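# Build the 3D model from these lines:
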Amino acid sequence: MDKDDLTWYLHKGNTNYGPYTWEELCRNRIEPTDLVWNDTMPDWVGADQVPGLPLRVVPDLPFKQEKPVVQSYLAWSILVTLLFCWPLGIPAIVYSTQVNSKLARGDFDGAVKASKKARTFCWISFGLGLVANAIFLMAYYTGNYGW
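Alright, predicted model coming up:
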């Protein structure tokens, strides 16, 4: 029997479609993983096993690897250096600037370590600067300069 004379059905995903003539079936966007069936077949078969059926083949695209995001803390490093404790803010700036250069070289682990060190120095600088500023303000407003 000629395939043009048969009634065809299409199974895509979890849904059956049809009946179709051969010409109507060929106009569908059929992928190799879809199933087709007609009265002469004992069971559903893969669309890629039906001769002459035009298939929509999705090309394999090259895998695009996302660049990992590692926070550099550069803005925070500059702020804590200017506003809180510059002796510890400077190492924070140094480590912050190393993050992007290490990522550019492909050293992800080194970038993560530099980021963690920059964050640590930022927090220590913030904490010590906050304590020092609090002591200074208390001494200023109580009049106990001690110098």
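# tell me the contacts of residue 77?
With contacts defined as Cβ atoms under 8 Å, 6 or more residues apart in numbering, the neighbours of residue 77 are 89, 92, 93, 95, 96, 118, 121, 122. In short, each C-beta sits where N, CA and C put it, glycine included.
# ok, 6 Å please
For residue 77, the contacting residues are 92, 93, 96, 118, 122, by Cβ atoms under 6 Å, 6 or more residues apart in numbering.
# Next, work out how far apart the first one and residue 80 are.
Going from residue 92 to residue 80 by Cβ to Cβ, to the nearest Å gives 6 Å.
# Quickly list what's touching both of the two.
Listed as contacting both residue 92 and residue 80 by Cβ under 6 Å, 6+ apart are residue 122.
# Mind naming the longest helix for the protein?
helix 108-142 (DSSP state H).
# Give me the buried positions along it.
110-115, 117-119, 121-122, 124-126, 129 (16 or more other Cβ atoms under 10 Å).
# what sits up against stretch 19-26?
Residues from elsewhere that reach stretch 19-26, judged by Cβ under 6 Å, 6+ apart: 3, 4, 7, 8, 54.
# Which among these count as buried?
When the contacts of stretch 19-26 are checked against 16+ other Cβ under 10 Å, the ones flagged as buried are 3, 8.
# Is it possible to get JSON lines of the contacts of stretch 19-26 that adds secondary structure, distance to residue 84 and pLDDT?
Supplementary listing: the contacts of stretch 19-26 in JSON lines, determined by DSSP: H, G, I helix; E, B strand; the rest coil; distance: Cβ to Cβ, whole Å; pLDDT from 0 to 100:
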{"residue": "3", "secondary structure": "helix", "distance to residue 84": "79", "pLDDT": "76"}
{"residue": "4", "secondary structure": "helix", "distance to residue 84": "82", "pLDDT": "78"}
{"residue": "7", "secondary structure": "coil", "distance to residue 84": "79", "pLDDT": "89"}
{"residue": "8", "secondary structure": "strand", "distance to residue 84": "75", "pLDDT": "88"}
{"residue": "54", "secondary structure": "coil", "distance to residue 84": "69", "pLDDT": "83"}
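# and the contacts of residue 77 as TSV, adding pLDDT and distance to residue 143?
Listed next are the contacts of residue 77 as TSV, based on pLDDT from 0 to 100; distance: Cβ to Cβ, whole Å:
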residue	pLDDT	distance to residue 143
92	93	34
93	94	36
96	94	40
118	95	39
122	93	33
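# Please consider this matter closed, and thank you.
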